[in-house]
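# Have a look; sequence and predicted model below, questions after that.
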Amino acid sequence: MDSLTQIVLGGAVAELVAGKKMGNKAILWGAVAGTIPDLDVFLRAFYHPIDAALIHRGFSHSLLFSFLFSPILAWLFFKLYRKKYTYKLWLHLFFLGLITHPMLDMFTNYGTQFFWPLDTRITFNTVFVIDPLYTLPFLTCLVCALFFKRDNPKRYKINLIGLVYSCVYLMWGVVIKLILLSQTDEVFSKENIQANRAMITPMPLTSFYWYTLGEDDSTYYVYYSSIFNSENPVIERIPKGKLRLENIRWKGENYSPKLSLMSNEYYVLRQKNDTLSYYDLRFGLSGKITAEKTNHAVMGYNFIMKKNEVDMVKPMNRGETMKYVDLHYYLRKVIGH
């Protein structure tokens, strides 16, 4: 999730376990703890662009990281505050602040490497990384709690309401996804499509509008679902083409297996002159957020080829997509028009 959401979650869980004793300091240091796992973004500059994408939400988002670093942080703050608060209290604060960060990220479509060093990323694909409907009510509760004294029962109740809302909203996403997933076979069968598999993920900024991606041996199939619209969706077809990752030659390390892992094999390759473009379809297409002015995958890489080998890798520039964003058109799609 975005940084603000993680700050809110970290502050709220810290308030729950330490607010009565620490007051607003609990929220402050819980917010800091909730931010720490995302500091891995500063390591990206030291890695190959593809490795950089995999480093994020790796070790720092793992169960092991929380077990290793929460005792260290707890000891440092136990000493910093001259033993004013117990070591156990600091340990609970930092462990919960660290561990809830990757647990929340599991609900997004990129997921987390929670059981690092295993390569498997846990992802539920049930909430977009920025979702105001999740964050703003949660933030409002936490901010309101700040204005009550630490021993006021209303402070605890308001913060608890925010945490309960957070959990209910996440479960709402799971339920909606399961319902939509159960309908994919019926949607595809109406178009005589026999999909081998399918994935569903929420569209930007909402849990009301969803992106479905299915595939057979030669084609990807894409459609969109608003919970406010029960009409049969229009299915877009994307030919896979003959270019596959396993056939690419690399100058140096072979990154094809990592790209397959990253995309879960939902990708297409397109060649234009000396540039081979890799599109990761798991993260959706730009059409519904640009009023169809563009309609390509929003995530991917451009491979600069030299002598039929990948000589250089550049992340795709998403500036074109941002230039054509049409929020009015997108909102109409969200509400089913």
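Here it is on my side, so go on. Numbers count the residues shown, from 1 in each chain.
# Let me see the contact set for Ser225.
The contact partners of Ser225, taken as C-beta atoms under 8 Å, 6 or more residues apart in numbering, are 180, 209-210, 212, 233. Bear in mind the C-beta positions are built from the backbone N, C-alpha and C, glycine included.
# burial measure for Tyr165, as a count.
By the criterion of other C-beta atoms under 10 Å, Tyr165 has 15 neighbours.
# By neighbours, which of the contacts of Ser225 wins?
That'd be Trp210 among the contacts of Ser225, by other C-beta under 10 Å, with 25 neighbours.
# the strands in the stretch 51-200 of the chain, which residues?
197-202 (DSSP state E, counting those that start in this stretch).
# okay if I get the contacts of Ser225 as JSON lines plus secondary structure, distance to Leu89 and pLDDT?
Putting the contacts of Ser225 into JSON lines (DSSP: H, G, I helix; E, B strand; the rest coil; distance: C-beta to C-beta, whole Å; pLDDT from 0 to 100) gives the following:
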{"residue": "Leu180", "secondary structure": "helix", "distance to Leu89": "43", "pLDDT": "96"}
{"residue": "Tyr209", "secondary structure": "strand", "distance to Leu89": "42", "pLDDT": "97"}
{"residue": "Trp210", "secondary structure": "strand", "distance to Leu89": "42", "pLDDT": "97"}
{"residue": "Thr212", "secondary structure": "strand", "distance to Leu89": "46", "pLDDT": "97"}
{"residue": "Pro233", "secondary structure": "coil", "distance to Leu89": "52", "pLDDT": "93"}
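# I'd like those as JSON lines, with distance to Thr290 appended.
Listed next are these as JSON lines, based on distance: C-beta to C-beta, whole Å:
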{"residue": "Leu180", "distance to Thr290": "23"}
{"residue": "Tyr209", "distance to Thr290": "15"}
{"residue": "Trp210", "distance to Thr290": "18"}
{"residue": "Thr212", "distance to Thr290": "19"}
{"residue": "Pro233", "distance to Thr290": "19"}
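# all helices of the stretch 101-250 of the chain, in order?
Under the criterion DSSP state H, counting those that start in this stretch, the stretch 101-250 of the chain contains helices at 132-146, 153-182, 184-189.
# if you compare those helices, which one is most tucked away?
helix 132-146 (a mean of 18; mean count of other C-beta atoms under 10 Å).
# Tabulate the CA atom coordinates of that helix in PDB.
What follows is helix 132-146, C-alpha atoms only, in PDB (Å, rounded to 0.1, in the frame of the first residue of the first chain):
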ATOM      1  CA  PRO A 132      -9.100   6.400  -0.600                       C
ATOM      2  CA  LEU A 133     -12.100   4.300   0.600                       C
ATOM      3  CA  TYR A 134      -9.800   2.300   2.700                       C
ATOM      4  CA  THR A 135      -7.400   5.000   3.900                       C
ATOM      5  CA  LEU A 136      -9.500   8.100   4.600                       C
ATOM      6  CA  PRO A 137     -12.000   6.700   7.100                       C
ATOM      7  CA  PHE A 138      -9.100   4.900   8.800                       C
ATOM      8  CA  LEU A 139      -7.000   8.100   8.900                       C
ATOM      9  CA  THR A 140     -10.000  10.100  10.200                       C
ATOM     10  CA  CYS A 141     -10.400   7.700  13.200                       C
ATOM     11  CA  LEU A 142      -6.700   7.900  14.000                       C
ATOM     12  CA  VAL A 143      -6.600  11.700  13.800                       C
ATOM     13  CA  CYS A 144      -9.700  12.000  16.000                       C
ATOM     14  CA  ALA A 145      -8.100   9.700  18.600                       C
ATOM     15  CA  LEU A 146      -5.100  12.100  18.900                       C
END
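# Next, the angle from that helix to helix 153-182.
Interaxial angle, helix 132-146 versus helix 153-182 (axes from the mean of the first three to the mean of the last three C-alpha atoms, to 10 degrees): 170 degrees.
# So which residues make contact with helix 132-146?
Outside helix 132-146, the residues that reach it (C-beta under 8 Å, 6+ apart) are 1-2, 4-5, 8-9, 11-12, 15, 19, 24, 27, 127, 155-156, 158-159, 161-163, 165-166, 169-170, 205-207.
# Ok, stretch 240-251 next?
215, 217-220, 256, 259-260, 267-271, 276, 278, 303, 306, 308-311.
# go on, stretch 38-56?
3, 6, 57-61, 101, 253, 255, 258-259, 261-262, 301, 313-315.
# can you give me the mean pLDDT across that stretch?
For stretch 38-56, mean pLDDT is 89.
# going forward can the numbers begin at 458, since that is how I track them
Will do, 458 is the new start, and the previous item becomes stretch 495-513.
# gap between that stretch and the chain center?
Stretch 495-513 sits 16 Å away from the centroid of its parent chain (C-alpha atoms, centre = their mean, to the nearest Å).
# what residues go with each domain of the chain?
460-632, 641-791 (automatic domain parsing).
# Any idea how far apart the tips of the shortest one sit?
If I follow you right, that is domain 641-791. 19 Å (C-alpha to C-alpha, to the nearest Å).
# give the contact list for Gly491.
Counting by C-beta under 8 Å, 6+ apart, Gly491 has contacts 463-468, 470, 554-555, 557-558.
# Determine which two of those residues are furthest apart.
Taking C-beta to C-beta, the two most distant members of those are Val465 and Leu555; they sit 15.2 Å apart.
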